[in-house]
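[1] One predicted model, sequence on top.
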Amino acid sequence: RGSRWADLPESQADMRAKVPQTMTACAQLLEAQREAQHRDGPWVLGQRYSVADAYLFTVASWLEADGVDTQALPRLLAHRAQRQARPAVQRALAEAAPA
């Protein structure tokens, strides 16, 4: 995805090297947040579904492609799987899929 943000091949190479580190750190932070708040409810804001849940689903959908080892992220993966199982999410993904 680096070609979206940089034209120079060396800049894109820098991003390919840095993205796994940065995304892993972010994912670990999100996993810790989900661990700390899991008793408050299934959603990012506890009992209330919000745009934060939709965005977390989006970010979590990039993890493997960004080189993140997801084995240590069970809560983040569970959140992603729960969102992906929602009929509205399935419809949106189907509509966005290339023909």
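    In hand now; what should we look at? Worth saying up front: this structure is predicted, and the values here are computed from it rather than measured.

[2] Contacts only, for the residue minimising distance to the centre of the chain.
    In the chain, the C-alpha closest to the average C-alpha coordinate belongs to residue 60, at a distance of 1.4 Å (C-alpha atoms, centre = their mean). For residue 60, the contacting residues are 27, 30, 76-77, 79-80, by C-beta atoms under 8 Å, 6 or more residues apart in numbering. Every C-beta, even on glycine, is put in place using the N, C-alpha and C of the backbone.

[3] try it again with 7 Å
    With contact taken as C-beta atoms under 7 Å, 6 or more residues apart in numbering, residue 60 is in contact with 76, 79-80.

[4] quick one: low-confidence parts of this structure?
    Confidence mapping of the chain against pLDDT under 70 gives the ranges 1-2.

[5] let's see 90
    By pLDDT under 90, the weakly predicted segments of the chain are 1-9, 11-13, 15-17, 36-43, 45-46, 97-99.

[6] Which helix in it has the most residues?
    helix 9-37 (DSSP state H).

[7] Show me what that helix packs onto, helices and strands only.
    Using 3 or more C-beta pairs under 7 Å, 6 or more residues apart in numbering; DSSP states H and E, the elements in contact with helix 9-37 are helix 74-84.

[8] how close does the closest residue to residue 26 other than its chain neighbours get to residue 52?
    Nearest-residue entry for residue 26: residue 59, 7.6 Å, with adjacent residues in sequence omitted and distances by C-beta to C-beta, 6 or more residues apart in numbering. To residue 52, residue 59 is 10 Å away according to C-beta to C-beta, to the nearest Å.

[9] who has more neighbours, the two?
    residue 59 (15 against 12; other C-beta atoms under 10 Å).

[10] How far off centre is the host helix or strand of that one?
    Using DSSP states H and E, the secondary-structure element containing residue 59 is helix 51-60. Offset of helix 51-60 from its chain centre (C-alpha atoms, centre = their mean, to the nearest Å): 6 Å.

[11] which of the residues in it are buried?
    53, 56-57, 60 (16 or more other C-beta atoms under 10 Å).

[12] which one of the residues you listed sits closest to residue 7?
    residue 60 (28.7 Å; C-beta to C-beta).
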